[in-house]
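*Asks:* need a structure here:
(one chain, ligands or ions: 3)
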Amino acid sequence: MASAVVTVAALLFGLIPISSSLPFILLHGIGSQCSNGGVGNFTQLLSNLSGSPGFCLEIGDGEDDSWFMPLPKQASVACEKVKLLKELSQGYNIVAQSQGNMVARGLIEFCDSGPPVRNYVSLAGPHAGIASVPLCGSGEICRLADELIKLEIYSDYIQDRLAPSGYIKIPTDITSYLQHSKYLPKLNNEKADDRNSTFKDRFTSLHNLVLVMFEDDKVLVPKETSWFGFYPDGDFHRLLSPQQTKLYEEDWIGLKTLDDAGRVKFVSVAGEHIRMAHDDVLKYVVPYLR
Ligand SMILES: *[C@@H]1O[C@H](CO)[C@@H](O)[C@H](O)[C@H]1NC(C)=O
Ligand SMILES: *[C@@H]1O[C@H](CO)[C@@H](O)[C@H](O)[C@H]1NC(C)=O
Ligand SMILES: *[C@@H]1O[C@H](CO)[C@@H](O)[C@H](O)[C@H]1NC(C)=O
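*Replies:* Ligands and ions are numbered 1, 2, ... in the order given. Have a look, this model is predicted:
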């Protein structure tokens, strides 16, 4: 009751714009969770700066599931959650950090009858894959993850148990990757005989795609994957710019279409993996949440 009164008063005095801006969701990276001060604060900060409601969307129990729930499952859990959040029913924007970008793109491409995504700001997303496993650390979870990674990365056993295995792409093992990786080949429409134009149509419907790469990123190998750049098949020594990749040239998911329409911003900022300076947040994130 009290909050209803406050809401009406706020509307009357113009504190809440009636044609208010779209809400956004934040998708955190691996080994993090919404209840961590850092991620929660960042969501709050973006909300404060943009004036738009923001929700940190948790998948499963947070930190552990970010490592051990496979990405196809993470994406479908996220899809069910956004459908239940009535605040998002008119559409929403996404800000995603690191592995959270794999979930974000799953929401955009795979979420049948989900609300539309308008702007998508990607902070250090492993969009074209990563050629080595992410740095973990020394905790119990990391030990377990390291043990798993030592086994065969494209085996069903690992694919079904370790989230990052869904976007590990070893350039010298493309055949196994295309046959057995259960997430990224589908997300990027990489399989010649199995491309789904619905995924492309959905991705192409974004109004703005902001791809932020961190100049000192040592977690993503190569850091250019944040822009869809990657190594050519079979070769670790050269790097293709986004525009030189087949994904772009043949427009598998609509990246070229979006770029031709002026709707992709390739942004490079100073700093380590997802450490974004306040000025850069103001410049490259906040405007897309208004
Ligand atoms: C969250 O923000 C508050 C104030 O804005 C600050 O005091 C606190 O240290 C921040 N916490 C983290 C973990 O960054
Ligand atoms: C957001 O704004 C609220 C209200 O002004 C303030 O209490 C809070 O510290 C701010 N949080 C951040 C992270 O900026
Ligand atoms: C493509 O994806 C859509 C949406 O998930 C699905 O309904 C459709 O059956 C898929 N098409 C093919 C050919 O697999």
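*Asks:* every contact and neighbour count from this point should use C-alpha atoms.
*Replies:* Noted.
*Asks:* in terms of helix, strand or coil, where does G106 fall?
*Replies:* helix (DSSP: H, G, I helix; E, B strand; the rest coil).
*Asks:* show me where the stretch 101-250 of the chain has helices.
*Replies:* Along the stretch 101-250 of the chain, the stretches classed as helices by DSSP state H, counting those that start in this stretch are 140-150, 156-159, 174-180, 184-187, 197-204, 246-249.
*Asks:* comparing the ones you listed, which comes out most buried?
*Replies:* Compared across the helices of the stretch 101-250 of the chain, helix 184-187 shows the largest average neighbour count, a mean of 22 (mean count of other CA atoms under 10 Å).
*Asks:* ok, residues contacting that one?
*Replies:* With contact meaning CA atoms under 8 Å, 6 or more residues apart in numbering, helix 184-187 is reached by 105-106, 109, 128-129, 166-167, 177-178, 191, 195, 199.
*Asks:* what does the model give S19 for pLDDT?
*Replies:* pLDDT, S19: 48.
*Asks:* is ligand 2 contacted by stretch 279-290?
*Replies:* No: Stretch 279-290 lies out of reach of ligand 2 by CA under 6 Å from any ligand atom, never closer than 12.4 Å.
*Asks:* contacts only, for the most centrally placed residue in the chain.
*Replies:* Central residue of the chain (CA atoms, centre = their mean): N101, 1.0 Å from the mean position. For N101, the contacting residues are 27, 29, 122-123, 125-127, by CA under 8 Å, 6+ apart.
*Asks:* now the buried members of those.
*Replies:* With burial judged by 16 or more other CA atoms under 10 Å, the buried subset of the contacts of N101 is 27, 29, 122-123, 125-127.
*Asks:* please list the members of these that lie in strands.
*Replies:* 27, 122-123 (DSSP state E).
*Asks:* re earlier: out of the contacts of N101, who's nearest F55?
*Replies:* Nearest to F55 among the contacts of N101 is L27, at 9.0 Å by CA to CA.
*Asks:* ok, that closest one to ligand 2 distance?
*Replies:* 17 Å (CA to the nearest ligand atom, to the nearest Å).
*Asks:* does ligand 3 sit close to stretch 253-271?
*Replies:* No: Stretch 253-271 lies apart from ligand 3 when judged by CA under 6 Å from any ligand atom; the minimum separation is 12.3 Å.
*Asks:* and the stretch 51-200 of the chain, which residues reach ligand 3?
*Replies:* Residues of the stretch 51-200 of the chain lying near ligand 3 by CA under 6 Å from any ligand atom: 110, 112, 196, 198.
*Asks:* tell me the contacts of the second one?
*Replies:* If I follow you right, that is D112. No residues are in contact with D112 under the rule CA under 8 Å, 6+ apart.
*Asks:* so how far is G262 from it?
*Replies:* 27 Å (CA to CA, to the nearest Å).
*Asks:* for the last one, same thing?
*Replies:* As judged by CA to CA, T198 and G262 stand 21 Å apart.
*Asks:* hmm, G29 and G100 touching each other?
*Replies:* Yes: the criterion here is CA atoms under 8 Å, and G100 meets it with G29 at 4.8 Å.
*Asks:* what's the distance between the residue of the stretch 151-290 of the chain found nearest ligand 2 and D251?
*Replies:* In the stretch 151-290 of the chain, the residue that lies nearest ligand 2 is H278 (11.2 Å; CA to the nearest ligand atom). According to CA to CA, H278 and D251 sit 34 Å apart.
*Asks:* what about K265, which SS state?
*Replies:* strand.
*Asks:* so what's the residue of the stretch 51-200 of the chain found nearest ligand 2 up against?
*Replies:* Nearest residue of the stretch 51-200 of the chain to ligand 2, counting by CA to the nearest ligand atom: G51, 9.9 Å away. Shown in contact with G51 (CA under 8 Å, 6+ apart): 21, 290.
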